[in-house]
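[1] got a predicted structure here, sequence first:
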Amino acid sequence: MRGKRPTRRRVLQNIFGMGLFSWLIARIKQLFGLQGDSGRKSPKEATNESKPPHADQEQVEEPEEQEEDPEPTEPENGAIVFVYDDGAMEDYTQALPAHKAFDAPATTGIVSNWIGTSGYMDTEELDELVDAGWEIASHTKKHRPIGSFPLTEDTNHSDIIVSAEGYRHGHHEGETVEISNGETKVLREVAGLAGEPGERRVKLTEPVDEHFHAGETEIRYPADVMHEAVDDSKKALEEMGYDVSTILAPYDAYSGYSNLFVKEQYDGVANANHGSRINYPDEYDPYETQRDYFIEFTNKKSVKHDLDKIADDALLGVVGAHSFKEEVNEESIREMLSWVEDRDIETMTLREAIETYN
Ligand SMILES: [Zn+2]
């Protein structure tokens, strides 16, 4: 009769207790490569995983060597990451067919509140992108700037207009901003944008009522708004079934302040620095990623020059585009991908690039 005689396993279970026994089996399997582990773990998770449940009481000796997934190797001719902004339907109708033709994945930055709204992809399209190897990145919950901007002019008590290096908070009327020099902090509601294009400023509903010095003061969102932008978008996307580990900062606005919130939730940011497409593997920090555009705001000569450099020196390129723009279409994306193919540069998602270069 089966099941009556105590098996070795059950005897051991009785000796060690269920938790420890399962752990030992798991460790042995892991050591002999019997357990496939395709998903890479963060160091924190890995540590928790290899800790026996009753380590303190049982004094189990840890095996000294652990087998880990081999590090992905850096491609000989460099790599390139394409990051599309905003989750426009054209990512699906224009960018996806081009990328499929070259068997090249990409990363798309999704504003979680915009999914399925007019002009934006729904989960049906996002699923197809994922099936084609694309990465879903967060682009915040409501497309809010997550960077902070240093003031460029001192404030007087009666001022309701703030001059700073960036004005993007002015786009979001009714949202609360924080003006802070580290010691004194005021919270004010945004009334909108002030000033002409080229000299845009943020207008508040009430006077600043404080004398702040430019250079030592920043305008930014307070912690609760930052958490909503950074954490809630990731949560929403994950609830839809997507694996989210990177973020794309709206308006290319990113700063040290952003890191306080982003580092808790993400492995990297696609556009911490704007103005260059080139990242150097030896010093690559995923929270300092440099990204620049490859169709709009540039020219073919500049793009080809960077691709040559990426291929010659085995560098990491990160490029972006808004697929809803007229000049960004299947044809212009295909042209770029053909230049990438000509140079034998490997296309990868941002997540893969972080695994490869960090
Ligand atoms: Zn955007």
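    Arrived safely, thanks for sending. These figures come from a predicted structure and were not determined experimentally.

[2] just the element for E125, please.
    helix 123-131 (DSSP states H and E).

[3] the residue in the stretch 251-358 of the chain that the ion sits nearest to: neighbour count?
    In the stretch 251-358 of the chain, the residue found nearest to the ion is Y251; the distance is 6.7 Å by Cβ to the ion. In short, each C-beta sits where N, CA and C put it, glycine included. Counted with other Cβ atoms under 10 Å, the neighbours of Y251 add up to 18.

[4] can you check E125 too?
    19.

[5] give me the number of residues near the residue lying closest to it once chain neighbours are set aside?
    Excluding its sequence neighbours, the residue lying closest to E125 (Cβ to Cβ, 6 or more residues apart in numbering) is Y92, at 4.1 Å. Residues lying near Y92 (other Cβ under 10 Å) number 20.

[6] identify the residues contacting Y92.
    Residues in contact with Y92 (Cβ atoms under 8 Å, 6 or more residues apart in numbering) are M121, E125, E128, L129.

[7] dump these to CSV, plus distance to the ion and pLDDT.
    Shown next, in CSV, are the contacts of Y92 (distance: Cβ to the ion, whole Å; pLDDT from 0 to 100):
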residue, distance to the ion, pLDDT
M121, 14, 98
E125, 17, 98
E128, 21, 98
L129, 17, 98
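
[8] farthest pair in those?
    M121 and E128 (9.1 Å; Cβ to Cβ).

[9] looking at the two, which is more packed in?
    Each of M121 and E128 has its neighbours counted (other Cβ under 10 Å); M121 has more, 25 against 14.

[10] wait, that one sits on G109?
    No: using Cβ atoms under 8 Å, M121 is not in contact with G109; the gap is 11.5 Å.

[11] related to what we said a few turns ago, tell me what the helix holding E125 is packed against?
    Packed against helix 123-131 by the contact rule (3 or more Cβ pairs under 8 Å, 6 or more residues apart in numbering; DSSP states H and E) you find strand 107-110, strand 135-138.

[12] got a list of what the residue nearest to R188 when sequence neighbours are not counted touches?
    Closest residue to R188 apart from its sequence neighbours, by Cβ to Cβ, 6+ apart: L204 at 4.3 Å. Counting by Cβ under 8 Å, 6+ apart, L204 touches I160, I161, V162, V177, R188, E189, V190, A191.

[13] rerun that using 6 Å as the cut-off
    I160, R188, A191 (Cβ atoms under 6 Å, 6 or more residues apart in numbering).

[14] could I get those residues as JSON lines with pLDDT and neighbour count?
    As requested, these are exported to JSON lines (pLDDT from 0 to 100; neighbours: other Cβ atoms under 10 Å):
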{"residue": "I160", "pLDDT": "98", "neighbour count": "16"}
{"residue": "R188", "pLDDT": "98", "neighbour count": "21"}
{"residue": "A191", "pLDDT": "98", "neighbour count": "16"}
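
[15] tell me which of the residues you listed fall in strands.
    Using DSSP state E, the members of the contacts of L204 that fall in strands are R188, A191.

[16] which one of the contacts of L204 is nearest E355?
    Nearest to E355 among the contacts of L204, with distances taken as Cβ to Cβ, is R188, at 41.8 Å.

[17] could you check how far that closest one is from the ion?
    R188 is 24 Å from the ion, where distance means Cβ to the ion, to the nearest Å.

[18] domains of this structure?
    Per automatic domain parsing, the structural domains of the chain span 8-58, 79-143+227-357, 149-220.

[19] residue in the stretch 201-350 of the chain nearest to the ion?
    For the stretch 201-350 of the chain, Cβ to the ion, closest residue to the ion: P250, 4.5 Å.

[20] model confidence for that residue, exactly?
    As predicted, P250 sits at a pLDDT of 98.

[21] try D69
    What the model reports for D69 is a pLDDT of 68.

[22] what of the one 3 residues further on?
    Note for P72: predicted pLDDT of 87.

[23] so it touches T356, yeah?
    Yes: between P72 and T356 there is a contact under Cβ atoms under 6 Å: 4.4 Å.

[24] these two: which is more packed in?
    With neighbours defined as other Cβ under 10 Å, P72 and T356 compare such that T356 has more, 18 against 14.

[25] how about the residues of this structure by the ion?
    Neighbours of the ion within the chain, by Cβ under 5 Å from the ion: D85, D86, P250.
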